[in-house]
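Trainee: Dropping the sequence and predicted coords here.
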Amino acid sequence: MNLMSASESMASGAEHSDGYIRIGDMAKQFGVTLRTLRFYEDKGLLTPKREGNTRLYTKRDVTKLKLILLGTKTGFSLREVKQVMDLYDPKGSNVKQLRTLVDKSERQLVKLEKQRASLDEAINELKGAMSNWRSALQTRQSATAAG
């Protein structure tokens, strides 16, 4: 997943003549499928401009996609991502949006840290069991070779 800045992505040569990015180029830049982009559009997360059957994405759509990908990567549901994005007001201070984002992120961080602790415990248990199994295997192979 490539999370380059919006200006970098627009300057990458994939933009349409009037500053838009075509759906195929958007998918390629971010390592997602065309189906994924259409799905996000169906869910109201992205709103590309349409020229016939061609979807054209703006810098704002690039920013939105970055937020969607970050949100899903860190365990947020698309519903939660949309709730935060819907709070954005281009003319406002966006205090409510930022407060909501911080609150949701703090809860998600606690959840992820608990998951990491559980994973660390499972990994350590598996490593211990594997060590025991290797020892048992070595003992049995030695006994078989000697006998």
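Mentor: Cool, the structure landed. Numbering: from 1, shown residues only.
Trainee: switch to C-alpha atoms for all contacts and neighbour counts from now on
Mentor: Fine.
Trainee: Ser77: neighbour count?
Mentor: By the criterion of other Cα atoms under 10 Å, Ser77 has 13 neighbours.
Trainee: Please read the previous query as pertaining to Lys59.
Mentor: Counted with other Cα under 10 Å, the burial measure for Lys59 works out to 17 neighbours.
Trainee: And the pLDDT at it?
Mentor: On pLDDT, Lys59 comes in at 93.
Trainee: what mean pLDDT does the helix or strand containing Ser135 have?
Mentor: Applying DSSP states H and E as the criterion places Ser135 in helix 95-146. In this model, helix 95-146 carries a mean pLDDT of 96.
Trainee: What is that helix packed up against?
Mentor: For helix 95-146, the contact count by 3 or more Cα pairs under 8 Å, 6 or more residues apart in numbering; DSSP states H and E identifies helix 78-86 as packing neighbours.
Trainee: model confidence over the helix it packs on, on average?
Mentor: Per-residue pLDDT values across helix 78-86 average out to 95.
Trainee: thinking again about what came up before, ok now the helix holding Ser135, how far from the chain's centre?
Mentor: 21 Å (Cα atoms, centre = their mean, to the nearest Å).
Trainee: switch to numbering from 616
Mentor: Done: numbering now begins at 616, and the last item shifts to helix 710-761.
Trainee: domain parsing for this structure?
Mentor: Domains of the chain are assigned by automatic domain parsing as 616-690, 702-762.
Trainee: Highest mean neighbour count out of these?
Mentor: Using mean count of other Cα atoms under 10 Å, the stretch among these with the largest mean neighbour count is domain 616-690, at a mean of 16.
Trainee: Next, the angle from the helix holding Ser750 to helix 693-701.
Mentor: On the basis of axes from the mean of the first three to the mean of the last three Cα atoms, to 10 degrees, helix 710-761 is oriented at 150 degrees to helix 693-701.
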